[in-house]
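Enquirer: My questions are about this predicted structure, shown below with the sequence.
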Amino acid sequence: MVGGIAGRRPTAPRELALLAELLVHHGQPVTIDHVVDELPALSATRQPPHVIHTLVSRLRKRLADTGGPEAAGLLVTFGSSYLLRVDDETLDALLFDRLIGEARRACASAAAVGCAALTTALDLWRGAPLEDVCCESRCVEAERLRLEELRAEAVEERAELLLTMGAHAQVASDLMPQLQRHPLRERLSALLMLALYRAGRGADALAAYQATRARLAEDIGIDPGPQLRQLHERILRADPSLDVGGLSTATAARVALAVPVTPRARSTIAGSRPGLTRAGTTPRRLRVAPPTQRDQRSGRN
């Protein structure tokens, strides 16, 4: 499609080559010298300018045969240059570019909206949940844990959205204290590693992995899960798919960060309250009320 007029495709190799050269410079004048430089088949002729002029005439005739004089007028001469007038509604390649751009802007907008909502939710936090409630209620303790887990998931989801928006340095800055607060969350570690790597801090990304690896071994005696190990290996070999341009940004983030909060990490929740302590301190143990005499008589413990 040229100028919205469907016509027979030129079959002569030189006509096709010239048409392609004009199309890729849509809306811009193309000089005869440029065409000669770009198309060796024309430079090999005795009189390249004359050959180009003949090819232009043939292209105009094809346009006129298909769409009339108005269509032929799409190929304009400017001195020693030629210009093919097309826009993104009449050339499918330009239309494709425009639609892809619109789709990406829509995705970015959706990411921005989601990120703003998560930020608003996280801004509601002023400290540990129910920290002023000093009771032995298991239900209260369970709610504390639920809220802390939800908060940690929101932090991770917000970080992933920010990564898709290219805010790598911000994610790295935001997640460093979060990982100190939740050192056993492998997905959080993966997000931080990717953010550091994309921010040009590959050595810090590798150091973050080693810190998580050491903490997992020290606290619960396990190694990092396979997804986190694979991300570490991909950083070591500078896997292009981890870069913003390697895949689409959203896809790269999801592929690279397919690190769930594994049951291994969650198993520590039964004995501690992750995220409720300051960095460098030991998480407090769950407080479980001792059995009463009535419980002991009924056989409960």
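Expert: Ah, there it is. Numbering: from 1, shown residues only.
Enquirer: so which strand or helix has E148?
Expert: helix 138-164 (DSSP states H and E).
Enquirer: buried ones in that helix?
Expert: 141, 144-145, 148-149, 151-152, 154-156, 158-164 (16 or more other C-beta atoms under 10 Å). Where C-beta positions appear, they are placed from N, C-alpha and C, glycine not excepted.
Enquirer: now do stretch 197-214
Expert: When burial is assessed from 16+ other C-beta under 10 Å, stretch 197-214 yields the following buried residues: 197-199, 201, 204-206, 208-209, 212-213.
Enquirer: and of the residues you listed, the nearest to R14?
Expert: R198 (46.1 Å; C-beta to C-beta).
Enquirer: Spatially nearest residue to that closest one, not counting backbone neighbours?
Expert: Nearest-residue entry for R198: H168, 4.1 Å, with adjacent residues in sequence omitted and distances by C-beta to C-beta, 6 or more residues apart in numbering.
Enquirer: give me the number of residues near the one you found?
Expert: Other residues near H168 number 19, with proximity taken as other C-beta atoms under 10 Å.
Enquirer: cool, R85 as well?
Expert: 14.
Enquirer: how about it, what does it touch?
Expert: With contacts taken as C-beta atoms under 8 Å, 6 or more residues apart in numbering, R85 has the following neighbours: 3, 27, 74-76.
Enquirer: could those go into a markdown table alongside pLDDT?
Expert: Shown next, in a markdown table, are the contacts of R85 (pLDDT from 0 to 100):
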| residue | pLDDT |
| --- | --- |
| G3 | 42 |
| G27 | 78 |
| L74 | 82 |
| L75 | 84 |
| V76 | 86 |
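Enquirer: Adding secondary structure, distance to Q227 and neighbour count, write those out as TSV.
Expert: As requested, those are exported to TSV (DSSP: H, G, I helix; E, B strand; the rest coil; distance: C-beta to C-beta, whole Å; neighbours: other C-beta atoms under 10 Å):
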residue	secondary structure	distance to Q227	neighbour count
G3	coil	52	21
G27	coil	47	11
L74	coil	54	20
L75	strand	56	21
V76	strand	57	12
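Enquirer: ok so, going back, mind listing which of the buried residues of stretch 197-214 are in helices?
Expert: Filtering the buried residues of stretch 197-214 for membership in helices, criterion DSSP state H, returns 197-198, 204-206, 208-209, 212-213.
Enquirer: Can you say which two of those are spatially most distant?
Expert: Of all pairs drawn from these, the widest gap by C-beta to C-beta lies between R198 and R213 and measures 20.9 Å.
Enquirer: What backbone torsions are found at A128?
Expert: A128 has phi and psi values of phi -70, psi 140 when expressed as degrees, to the nearest 10.
Enquirer: Just give the number of residues close to it.
Expert: 15.
Enquirer: thinking again about what came up before, for the residue nearest to R198, what are its contacts?
Expert: Under the criterion of C-beta under 8 Å, 6+ apart, the neighbours of H168 are 195-196, 198-199.
Enquirer: got those as CSV, with pLDDT and distance to R185 columns?
Expert: Shown next, in CSV, are those (pLDDT from 0 to 100; distance: C-beta to C-beta, whole Å):
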residue, pLDDT, distance to R185
A195, 95, 15
L196, 95, 16
R198, 94, 20
A199, 93, 20
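Enquirer: Nearest to R229 among these?
Expert: The nearest one, if we look at the contacts of H168 relative to R229 and count by C-beta to C-beta, is L196, at 16.9 Å.
Enquirer: correct me, but the closest one touches Y209?
Expert: No. No contact is recorded between L196 and Y209 when judged using C-beta atoms under 8 Å, the distance being 9.8 Å.
Enquirer: Which parts of the stretch 151-300 of the chain are helices?
Expert: For the stretch 151-300 of the chain, applying DSSP state H, counting those that start in this stretch gives helices covering 168-181, 186-198, 202-220, 226-236, 249-256, 263-266, 293-298.
Enquirer: if I look at L150, how far off is Q180?
Expert: Taking C-beta to C-beta, to the nearest Å as the measure, L150 falls 19 Å from Q180.
Enquirer: Right, I'll leave it there.
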